[in-house]
Structures are given as C-alpha cells and as structure tokens.
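Chemist: Fold the following, please.
(2 chains)
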Amino acid sequence: MKETPMSNCERRFLLRAIEEKKRLDGRQTYDYRNIKISFGTDYGCCIVELGKTRVLGQVSCELVSPKLNRATEGILFFNLELSQMAAPAFEPGRQSDLLVKLNRLLERCLRNSKCIDTESLCVVAGEKVWQIRVDLHLLNHDGNIIDAASIAAIVALCHFRRPDVSVQGDEVTLYTLEERDPVPLSIHHMPICVSFAFFQQGTYLLVDPSEREERVMDGLLVIAMNKHREICTIQSSGGIMLLKDQVLRCSKIAGVKVVEITELIQKALENDQKVRKEGGKFGFAESMANQRITAFKMEKAPIDTSDVEEKAEEIISEAEPPSEVVSKPVLWTPGTAQIGEGIENSWGHLEDSEKEDEDEGGSDEAVILDGVKMDPGVEVSNIGSQDAPIVLSDSEEEEMIILEPDKNPKKIRTQTVSAAQVRAASKKPVKRRRKKRAAN
Amino acid sequence: MALEMRLPVARKPLSESLGRESKKHLVVPGDTITTDTGFMRGHGTYMGEEKLIASVAGSVERVNKLICVKALKTRYNGEVGDIVVGRITEVQQKRWKVETNSRLDSVLLLSSMNLPGGELRRRSAEDELAMRGFLQEGDLISAEVQAVFSDGAVSLHTRSLKYGKLGQGVLVQVSPSLVKRQKTHFHDLPCGASVILGNNGFIWVYPTPEHKEDDAGGFIANLEPVSLADREVISRLRNCIVSLATQRMMLYDTSILYCYEASLPHQIKDILKPEIMEEIVMETRQRLLEQEG
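Modeler: A predicted model of the protein is given here:
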C-alpha cells in the first residue's frame, strides 16, 4: 500500500513546532525515547523497543568451512528485514531503497568496527569455523529504525551463547547444550548508532526522530560510537550541507547518549543473567506486560478452598440433629388457628424497636427456627440444644428469649414499652432454665 | 487546564439505537445470496455453481430483478461525472498524480487543466516546466471525473471555473459509501460556510467567499486570515460531519444542515463525545424522517 501523503498543514505544524523547540511527544531536543530490552528463553533472542519502534533480534550459529582468503576467521552475517506488519508502506517488493541503506549501515557499524573477535570463532583453521548469523526483524515502525536495530543486534550478540567446542589433536568434539554450558561470544566493544535529524537546511536538529519527524526532515546524520568514544561509522544522508562544528557537536552528544544506552544494556543483560541463574522465570512471556484494558473488570481475588470440605464436615458433625418438636396449632376460633408465634412486629416506635432489635436479633431467629415451645418441659432440652449449633449466632451467651405460651400470645407489639416489661419479666424464667441446665 | 477522562465502554450496536424492523441482509465475500437463477447480477456479486455469490462484504440490495451488494467499507470507485476532492502526490511529465482514496492514484492531465489566461491554448513546453507553479505535491484540488481507465484508474479534469486548487478550509475523510449522489455537490450552507462533498469521501469545508472570482480560475490561493466566527462555524460543521459519519448516516446538504442546527446548544468540542453524538444524530434522523413523510 502506498503511504498516505502528509497534508501541508501537518507538515507546517511539525516544522513550526520544531522551530519553537517543541516535539509532538513532549521530549526535549536531545532526548531519547524509552528503551526497553526484553529477552527470550533462548540465548541470543531479544526484543528492543525504542518508544513504539520494535525490533526483534535473533542470533544463531553454524559450523561451516571458512572463506578461502580468511581461513582463520569466523563468518559474520547480518540481515535486517522490514516486516510487513511494521508499516503499511512495507510490501514485499517495495522497500528496497530503505532496506539496502539500513543493511549497509548495520554492516558497517558491526562488521567494520570489529566488535566481535572473529579469530575466536575459528575451530579448525581452514576447515571449520563458526558462522554467526544475526537476523533482525522490524516489528513496528515508529521512526529511527537504525538505532533500534543496532541496539538489538549488539544485545542479541552479547546475550548469545554458542556451543562449546574442544580440539584434541585431530579430534574435534562439539558438546551439546546438555553436556557443557554454552560459551558466550567474545565481544570487544558495543557500537551503537545514534541518529540526528536535521530540519530547515541544518538549522535545527533532533535526536531520535519519530516517524512523523522523519517525514518532514531534510537530512539524517547517523554516528555509530561505543562507550570508549570511538566512532565506528558515520553517515550523512539527505543532501544537506553540514558544518564542521555541527558534526563535532553531534559526535559529543552521541558520546553521552551511547554511554547511557550501554549502561542500560549492561543492566538488562545482568538482570537476565541473574534470573536465569536463580532459576526464576525468564523469557518473553514474563517480560512483556499484558497490555489489557481492565476497566469495568473486577480482579479475581484468589480464595483458598482447600479446607472448605473439612470445615463443612466439622460443622455438620458437631451440630446436634434438628429438634423434631413440631409446634402444635392453637385453635382460637373455628376456622382460625395459630402455629408458632411469628416474628416480632417491628412497626411502631422506631427508636425503641431499634434498641430492642439488638436484643432480639438472635432470639428472633431462634424463635423462627424452632417455633414456640408449648411444652415447658421440652423447652429445657431445646435450650440446651440451641446452644450447641453455632450456625445462626456467634455468641453463645446471647439471650434467647422464649415467649411463654401461657402469656398472652396475641400480644400486640405496638405497645413496645409493655413488651419490654414483658421481656424483662420473661428473662427470669429463661435464667431459671439455664441454671437448671447447668445442674444437669 | 481542565482534563476529562473516559473509561472504555463497549460500543452499542447501531441497530439497537435505530430500532430497525427489517434487518439488513448482510453478507461477506463467499456467501450465497440466492440460488434462484432468475435474478440479474449487479455490482458486488458473481455467478458460481448455479448460485449467486457475494464478492464484497456489505448489504444486499434488490431492485426488481437486479441484485447487487453494496459494500460497507470500500475504496472509491470512479464514475464519470463524479466530483472528487484529491491531494496531489506526484508531479510527472505531462500530468499530476492525485490521491483520491481509490485503489489506484487518479490522473490529472495537463491538457485537462484550466490554464489562467484563456481556455483553448495548446499546452507548450513552458507550460510543462511551469507545472509545479500551478499544483505542487500536497495541494488539494477539486475536480470532476472525465474517464475511467480499464484498470479502474480515474482521469480527472478541472475544466470549469468552479474546480481548481482549494484554499483555506478543513478536510474531512469519510467512507465513500456515505456520500449521497446528488445533482450538485457544491453547497453554500446558510450557517455561514460552504462545503464540497466529494464522491470519494473527501469533504471540504471552507469559508464562503464573499465575491466570486471569475478570472483566477481557482489557482490563486486566498490566504487572507479567516475570522473567528467563520472558523467556529467551520469547526462545528466538521465535528457534525464526523459524528454523522460515525453513526453511518448518509451525508448531503440537508442532513449536514440539520445536524448543525441540532448541535447548536452544545459546545463545539462536546459534539465529539459519544453520548452527545448519538443525541444529535438521533435528532437529525427524526427531522429528516419528518421532512420526508
């Protein structure tokens, strides 16, 4: 798909903003975007995120015969691919110019700087050498591919472990990963590319241009440097005329930036090393955060249900069998009968009933459950049985007020004061009963 | 500075808010529309194994014996006589390439262009060299479709004074299927702005020029500052068009005008909020129904 052309007003807006030292994402002129490095489970696999630009790097190795004119050196092979998912403009046949440019820059940065010791990759001179292959895939294009790619390449190379090889006379033994721990590559230094975008014929410059800024830039200067302030490669494209002091200034800025990025890389490598040694979880599944929108979603709270069965069985075993007393119906008039006493009428004076609710909270439930005991004799045992099951109320000491059947059952509870008196009166018989039980 | 934050909410399906009784017959490519061979096949369908099969994703429309599938989301397919609004992407030897939201870039030949200073002049080599002086990359133009090539590419012409380079205004990009075909696509709305409804889904909203320029032919860009009142009208119109497009309503001058009037009680920036958008479009829909029936 062809890129949608940028409108004139957007272009003007970006250029005006840059003139006023403002960037769309709020960065300063020399600020890099957030760099995030995550490693996969295999050695040599990493994903580098520079803002939203993502590059996947994978290093692999193979034993091959060396080049004829370099019999004692290993072979390095670099490949950067612009995946179609990176941008709609990347199509299988379409991206040749950009692709060639990036690949050349990457090769110059990593191969010509001799950051990897190729002599150490030799196994048998003239016959077997290691071929190290670095494959980089651009997963998302949001500007400044070359920086992200160079970081991904060097991180993957530092992370990679090749199988151990031992040579005894004529015999060459290649140990598998189970037999001997794999060996890291010998890397002298870490060259990292830093890009500078120029606008308005070199008047304004920005470090780490985003995709929008890249579209409106006039020219690009890429400096590859390592932390020892050695320039590995430098390239200026876009046809802008740069002054000497501009280039020097850029190299100084690049020096500072490279030191920061190298620190970050070292820390990431150390972290991964530590996690692997301690046996923790590593790999992409751990390091990539789950990007989910969790609004309107309750987090599931884990509940430990392992001892629920035991608790239930305990309660069931300790509980007495339910009483089999069925309250007998009281016949008031032909056609009207009453079974049980029903719930306390809570209408009427609200304040008083609130006070009484505290007393009656537990008792009401007890009353509902067992009904009114018509037979005083049976009541004794029932009280005893009521204390044991702790199902309804927590406190054993809660007074259970059982209304005497010989008292007026048709009590109208609107006169709550009188009801309180009744309760006060009825408390005595209850207590009497408890003592009786204690005696039993 | 006041901030407003919204949490993501599941979007309500449009059919709920519309309360349509008859559900549209929606198909995807490969769906069988009918096995009855008595129908004539129209756009978006093809005949395969004695069945009529849909080739695009959209709703089936039937007019007597003609069955066609109207695609829901599509690139612009050029028809002769359509008005389009496009952006110049390339300046080539004797033509400009114009981006019109279609599958291929449209072509504007130098000979199809109005040159200032007379109509029937033969295009000379100097004209060719001065092409960039007329239209550069990034310029917006309004044009009419002259012809459609066999591969679907569209050839444009600006052989009338009402077409040409567009000056100050706002471009809104919507789906081409939402722009209703009418007799005229250039409207001067009574609210104080003018609108060009391109058939390719590009809608241009601009301040109504006070006096019609006859001689320039639309190539001199009017760069006078636009007054605040005009700019407010234009932004409100733009938001209304966006809300109509989000609710999949057909765009034509009446619907845009009703939507504008329905949005007057709200602030311009509030129109883009989902609830207010629904409200305004509901009101517009009602008014349109009343007007019809």
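
Chemist: Surely residue B:199 and residue B:182 touch.
Modeler: No - using C-beta atoms under 8 Å, residue B:199 is not in contact with residue B:182; the gap is 9.8 Å. (Glycine included, C-beta is placed from N, CA and C.)

Chemist: Those two: which has the busier surroundings?
Modeler: residue B:199 (23 against 13; other C-beta atoms under 10 Å in any protein chain shown).

Chemist: How about the more buried one: what's its closest non-neighbour residue?
Modeler: Distances taken as C-beta to C-beta, 6 or more residues apart in numbering or on different chains put residue B:82 closest to residue B:199, at 4.0 Å, once the chain neighbours are dropped.

Chemist: What of residue A:137?
Modeler: Residue nearest to residue A:137 in three dimensions, not counting chain neighbours: residue A:56, with 4.6 Å by C-beta to C-beta, 6+ apart.

Chemist: Spatially central residue in the chain, please.
Modeler: Using chain A. residue A:289 (3.9 Å; C-alpha atoms, centre = their mean).

Chemist: Not quite, go with chain B.
Modeler: Closest-to-mean residue, chain B, C-alpha atoms, centre = their mean: residue B:201 / 2.5 Å.

Chemist: what's the spacing between that one and chain A?
Modeler: Residue B:201 is 13 Å from chain A, where distance means C-beta to the nearest C-beta, to the nearest Å.

Chemist: who are the neighbours in contact with that residue?
Modeler: For residue B:201, the contacting residues are B:76, B:101, B:173-176, B:178-179, by C-beta atoms under 8 Å, 6 or more residues apart in numbering or on different chains.

Chemist: again, only this time at 6 Å
Modeler: Applying C-beta atoms under 6 Å, 6 or more residues apart in numbering or on different chains to residue B:201 gives the contacts B:101, B:174-176.

Chemist: Throw those residues into a markdown table and include neighbour count and secondary structure, thanks.
Modeler: Below are the contacts of residue B:201 laid out as a markdown table (neighbours: other C-beta atoms under 10 Å in any protein chain shown; DSSP: H, G, I helix; E, B strand; the rest coil):
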| residue | neighbour count | secondary structure |
| --- | --- | --- |
| B:101 | 21 | coil |
| B:174 | 21 | coil |
| B:175 | 18 | coil |
| B:176 | 23 | helix |
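
Chemist: Excluding residues flanking it in the chain, which one is nearest the residue nearest to the centre of chain B?
Modeler: In space, and not counting its chain neighbours, residue B:201 is closest to residue B:176: 4.0 Å by C-beta to C-beta, 6+ apart.

Chemist: Get me the contact residues on chain B for chain A.
Modeler: Proximity of chain B to chain A (C-beta under 6 Å from any C-beta of the partner chain) is limited to residues B:7-8, B:87, B:89, B:99, B:138.

Chemist: Now for those residues: which two are most distant?
Modeler: Using C-beta to C-beta, the pair of the residues of chain B next to chain A lying farthest apart is B:7 and B:89, separated by 39.9 Å.

Chemist: More neighbours: those two, which one.
Modeler: More crowded of residue B:7 and residue B:89, by other C-beta under 10 Å: residue B:89, with 18 against 7.

Chemist: For that one, list the residues it contacts.
Modeler: If you count contacts by C-beta under 6 Å, 6+ apart, then residue B:89 has A:5, B:97, B:99 around it.

Chemist: out of the residues you listed, who's nearest residue A:106?
Modeler: Distance to residue A:106 across these (C-beta to C-beta) is lowest for residue A:5, with 29.0 Å.

Chemist: Now for the closest one: which residues touch it?
Modeler: Residue A:5 is in contact with B:87, B:89, B:99, counting by C-beta under 6 Å, 6+ apart.

Chemist: For it, give me phi and psi.
Modeler: phi -70, psi 150 (degrees, to the nearest 10).

Chemist: could you measure it against residue B:137, distance?
Modeler: Distance of residue A:5 to residue B:137, computed by C-beta to C-beta, to the nearest Å: 7 Å.

Chemist: likewise residue B:256?
Modeler: Per C-beta to C-beta, residue B:256 is found 30 Å from residue B:137.

Chemist: between the two, who's got more neighbours?
Modeler: residue B:256 (23 against 15).

Chemist: for the helix or strand encompassing that one, packing partners?
Modeler: Taking DSSP states H and E as the definition, residue B:256 sits inside helix B:253-263. Identification of packing neighbours for helix B:253-263 by 3 or more C-beta pairs under 6 Å, 6 or more residues apart in numbering or on different chains; DSSP states H and E yields helix B:228-246, helix B:274-292.

Chemist: buried ones in the last one?
Modeler: Neighbour-count burial for helix B:274-292, counted by 16 or more other C-beta atoms under 10 Å in any protein chain shown, picks out B:276-281, B:284-285, B:287-288.

Chemist: again with the first one
Modeler: Neighbour-count burial for helix B:228-246, counted by 16+ other C-beta under 10 Å, picks out B:230, B:233-245.

Chemist: That helix - what's its average pLDDT?
Modeler: On average, the pLDDT along helix B:228-246 is 93.

Chemist: Just say helix, strand or coil for the residue of the stretch 51-200 of chain A found nearest chain B.
Modeler: Of all residues in the stretch 51-200 of chain A, residue A:89 sits closest to chain B, at 12.9 Å by C-beta to the nearest C-beta. What DSSP: H, G, I helix; E, B strand; the rest coil gives for residue A:89 is coil.

Chemist: Setting aside sequence neighbours, what's the nearest residue to it?
Modeler: Closest residue to residue A:89 apart from its sequence neighbours, by C-beta to C-beta, 6+ apart: residue A:3 at 4.3 Å.

Chemist: neighbours of the one you found, just the number please.
Modeler: There are 12 residues near residue A:3, going by other C-beta under 10 Å.

Chemist: tell me the secondary structure for it?
Modeler: Following three-state DSSP, the label given to residue A:3 is coil.

Chemist: That's all I had, so thanks and see you.
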